[in-house]
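Undergrad: Here's a sequence, model it:
(one chain, ligands or ions: 1)
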Amino acid sequence: MTPSSDPATTLLGTAPGRPGSLDLLRQAAEAVRLPQDPAADLIVRLEARTARIGVVGLGYVGLPLALRFAELGFPVTGFDIDAGRVEAITAGRSPLHGIADARVAAAGLAAYADMAAARGCDALIICVPTPLGPHKEPELGPVRAALAALAPHLRHGQAIALESTTYPGTTEEFVLPVLAAAGLTVGKDAFAIYSPEREDPGNPEGTVGRVPKLVAGATPTCLTVGQALYGPAAGALVPVSSLRAAELVKLYENVFRAVNIGLVNELKRISHALGLDVQEVIDAAATKPFGFMPFRPGPGLGGHCIPVDPYYLAWKARELGVPSDFVELAGRVNDAMPAYVVGRLRDALDARGTPLRGARILLIGLAYKPGVADTRESPAIEILRLLAGRGVQAAYHDPLVPRFAAAHGAPALESQPLDPAFVAAQDAVLVVTPQPGIDFAALRAHARLIVDTRGVYRDAAVETGAALPFETRGDFPPPAEPAYHPVIQA
Ligand SMILES: NC(=O)c1ccc[n+]([C@@H]2O[C@H](COP(=O)([O-])OP(=O)(O)OC[C@H]3O[C@@H](n4cnc5c(N)ncnc54)[C@H](O)[C@@H]3O)[C@@H](O)[C@H]2O)c1
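TA: Residues are numbered from 1 along each chain as shown. So this is what the prediction gives:
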């Protein structure tokens, strides 16, 4: 390059050749290489897929997201405080059911328990848990801890996106002060984004890249950076006007589900009292082509989201002094379902002269929903706890949960094979979660009594006569022995 064509020279009007001017030129050249507009620079590198994406928290949300960015050609760094998880991912093994080892190995993610490598990341996406505290209040310890660990490694030009589900105001209260403390001006030289995940665990097609994604920024520039960050990875983007609005949208989506499941669980109890098959009622209602959406009753709510998120909204509403009656009621109705199910089981056994105490009960499915290995908040755990307290000899079968370590008052157990003799030796089989691959017709052929919380046997004809209240019998293969195999809805 000739001196006259050197942009630094042109910029500064410095005459080369003067004593000390070389250093000045070097500095000036450096200055020219530094981004004049950090947002534009980051967007260009996001579009070129050369920006390094850091994902903090490599769980059900973070790992699929990290893999998605890696598969799109971005350099990706993962962070997780769980050293075992970091080790597995680094070795190309998947720590999660539903994500194949080969996919993790092919992505070749760099993963660390230490956050030092965060400095090299252009965007940091936080996907850590947001559970409840002992009084069902938001427990943002993981978000706070992740931000505190990132703080020393933040730099000019980075974007920080929060994906964890949380109450409106969290990104402003937690992320913005950390950026300010690092001397960064939000919207100018660092970018704060909120973009919640809409993961659907157990869905074999996955959701990342298929489902529209909400995105909001602390400033209009932050939103533009957020759109550039998520644009390639998301199926479609739904920009939302503010961080708080996006946080509330996510909670509303999950509260909508919790409230409707609470309603249908209440309908189930009313149907049982009327001697009606609640599944028939729902199926018939679902033929209405407008203004109705079917939800299915069950043994209660499980997973990391639907049982938890309503309490985040209720907590915020209490702080604001506004009612959140629906939200709290749904929580109460759904939380009461495991006890209701145990009551139905007790009554069904009682009608056959078998006391619940000392009975042999086989639970089908321990995970909180079909197709997942996740037992977090699973109603099966609460059912196991209640049964243990009543002296029941409980066992379970779940092809995705080979063993369960004692937790929340439920005993340690191992999944039992569905051996016909073992099934026939049980006083009752309690269907909690219909995992894929279970032969429910065979189960019915061998079980002495089935108590069905999920409507697995809903194709069975309904009998509502006084002699067999609330029981169903269906067109399943004729059982060997005993001749009478009732199914009770619970
Ligand atoms: N699982 C879902 O279906 C789902 C769906 C939508 C939204 N969400 C939300 O996404 C967030 C994450 O949920 P998840 O199911 O992926 O949780 P998860 O427990 O599966 O994964 C969280 C990961 O974060 C790690 N972690 C915890 N604290 C950390 C810290 N300080 N620094 C780094 N890593 C840390 C954990 O070790 C774990 O690997 C939650 O807010 C949840 O409500 C979850």
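Undergrad: Check which residues of the longest helix along the chain are buried.
TA: Assignment by DSSP state H gives helix 243-274 as the longest helix of the chain. Residues of helix 243-274 classed as buried: 243-244, 246-251, 253-259, 261-269, 271-272 (neighbour count, 16 or more other Cβ atoms under 10 Å). Using the backbone N, CA and C atoms, a C-beta is placed for each residue, glycine as well.
Undergrad: what do you get for stretch 399-410?
TA: In stretch 399-410, counting by 16+ other Cβ under 10 Å, buried: 400-401, 404, 410.
Undergrad: go on, stretch 385-398?
TA: Buried, per 16+ other Cβ under 10 Å, within stretch 385-398: 385-388, 390, 392, 394-398.
Undergrad: Looking at those residues, which one is closest to Pro196?
TA: Asp398 (29.2 Å; Cβ to Cβ).
Undergrad: Hmm, the closest one is touching Leu366, no?
TA: Yes: the criterion here is Cβ atoms under 8 Å, and Asp398 meets it with Leu366 at 4.3 Å.
Undergrad: Need the overlap of contacts for these two.
TA: Contact with both Asp398 and Leu366 is made by residues 415, 433, according to Cβ atoms under 8 Å, 6 or more residues apart in numbering.
Undergrad: Report the spatially nearest residue to Gly73, omitting neighbours in sequence.
TA: Excluding its sequence neighbours, the residue lying closest to Gly73 (Cβ to Cβ, 6 or more residues apart in numbering) is Arg49, at 4.6 Å.
Undergrad: pretty sure the one you found is touching Leu229, no?
TA: No: assessed by Cβ under 8 Å, Arg49 is found out of contact with Leu229, at 11.2 Å.
Undergrad: between these two, who's got more neighbours?
TA: Leu229 (27 against 13; other Cβ atoms under 10 Å).
Undergrad: For that one, grab phi and psi.
TA: Backbone torsions of Leu229, given as degrees, to the nearest 10, read phi -70, psi -50.
Undergrad: What about the residue nearest to it when sequence neighbours are not counted, how many residues nearby?
TA: Leaving out its chain neighbours, the residue that sits closest to Leu229 by Cβ to Cβ, 6+ apart is Ala123, at 5.2 Å. Residues within reach of Ala123, counting by other Cβ under 10 Å, total 25.
Undergrad: Give the bridge partners for Ala123, please.
TA: As for beta bridges, Ala123 partners with Ile53, Ala159 under DSSP bridges.
Undergrad: From Ile53, how far out is the nearest residue to Pro212 once chain neighbours are set aside?
TA: Spatial nearest neighbour of Pro212, chain neighbours left out: Ala236 (4.3 Å); criterion: Cβ to Cβ, 6+ apart. Distance of Ala236 to Ile53, computed by Cβ to Cβ, to the nearest Å: 19 Å.
Undergrad: what about these two, which has more around it?
TA: Legend: neighbour count by other Cβ under 10 Å for Ala236 and Ile53, higher for Ile53 (26 against 10).
Undergrad: In contact with the more buried one, which residues?
TA: Contacts of Ile53 by Cβ under 8 Å, 6+ apart are 66, 69, 74-77, 121-123, 125, 229.
Undergrad: taking those one by one, which sit in helices?
TA: 66, 69, 229.
Undergrad: and which of the buried residues of stretch 399-410 is nearest to Pro138?
TA: Ala410 (25.2 Å).
Undergrad: separation between that closest one and the ligand?
TA: For Ala410, the distance to the ligand equals 19 Å [Cβ to the nearest ligand atom, to the nearest Å].
Undergrad: and what of Val56?
TA: In terms of Cβ to the nearest ligand atom, Val56 sits 5 Å off from the ligand.
Undergrad: Repeat that for Tyr252.
TA: From Tyr252 to the ligand the distance is 13 Å (Cβ to the nearest ligand atom).
Undergrad: Just give the nearest non-adjacent residue to that residue, would you?
TA: Leu313 (7.8 Å).
Undergrad: Am I right that the one you found is in contact with Val255?
TA: Yes: using Cβ under 8 Å, Leu313 is in contact with Val255, at 5.6 Å.
Undergrad: Please identify the buried residues of stretch 344-363?
TA: 344-349, 354, 356, 359-363.
Undergrad: ugh, wrong one, I meant stretch 274-290
TA: For stretch 274-290, by 16+ other Cβ under 10 Å, it's 276-279, 281-282.
Undergrad: hang on, the earlier thing: then the helix or strand just after the longest helix of the chain to PDB, C-alphas only?
TA: With elements assigned by DSSP states H and E, the helix or strand that comes after helix 243-274 is helix 278-285. Provided in PDB are the C-alpha atoms of helix 278-285 (Å, rounded to 0.1, in the frame of the first residue of the first chain):
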ATOM      1  CA  VAL A 278     -64.700 -36.900  29.600                       C
ATOM      2  CA  GLN A 279     -62.800 -37.900  26.500                       C
ATOM      3  CA  GLU A 280     -66.100 -38.400  24.600                       C
ATOM      4  CA  VAL A 281     -67.200 -34.900  25.800                       C
ATOM      5  CA  ILE A 282     -63.900 -33.300  24.600                       C
ATOM      6  CA  ASP A 283     -64.000 -35.200  21.300                       C
ATOM      7  CA  ALA A 284     -67.500 -34.100  20.500                       C
ATOM      8  CA  ALA A 285     -66.800 -30.500  21.600                       C
END
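Undergrad: List the contacts of Arg415.
TA: No Arg there; residue 415 is Ser. Ser415 touches 366, 396-399, 401-403, counting by Cβ under 8 Å, 6+ apart.
Undergrad: Around the ligand, pick out the residues from the stretch 1-150 of the chain.
TA: 56-62, 79-82, 85, 127-130, 142, 145-146 (Cβ under 6 Å from any ligand atom).
Undergrad: Give me the subset of those residues lying in helices.
TA: Using DSSP H, those in helices are 62, 85, 142, 145-146.
Undergrad: out of these, which are buried?
TA: Among those, the ones that count as buried by 16+ other Cβ under 10 Å are 62, 85, 142, 146.
Undergrad: quick one: contacts for the first one?
TA: It stands for Gly62. 55-56, 78, 80, 125, 127-128, 163.
Undergrad: How about the residue in the stretch 1-150 of the chain that the ligand sits nearest to: what's its closest non-neighbour residue?
TA: Distance from the ligand to each residue of the stretch 1-150 of the chain (Cβ to the nearest ligand atom) is smallest for Gly59, at 1.7 Å. Counting by Cβ to Cβ, 6+ apart, Cys127 is the residue found nearest to Gly59 once chain neighbours are left out, at 6.6 Å.
Undergrad: Nice, that's everything, thank you.
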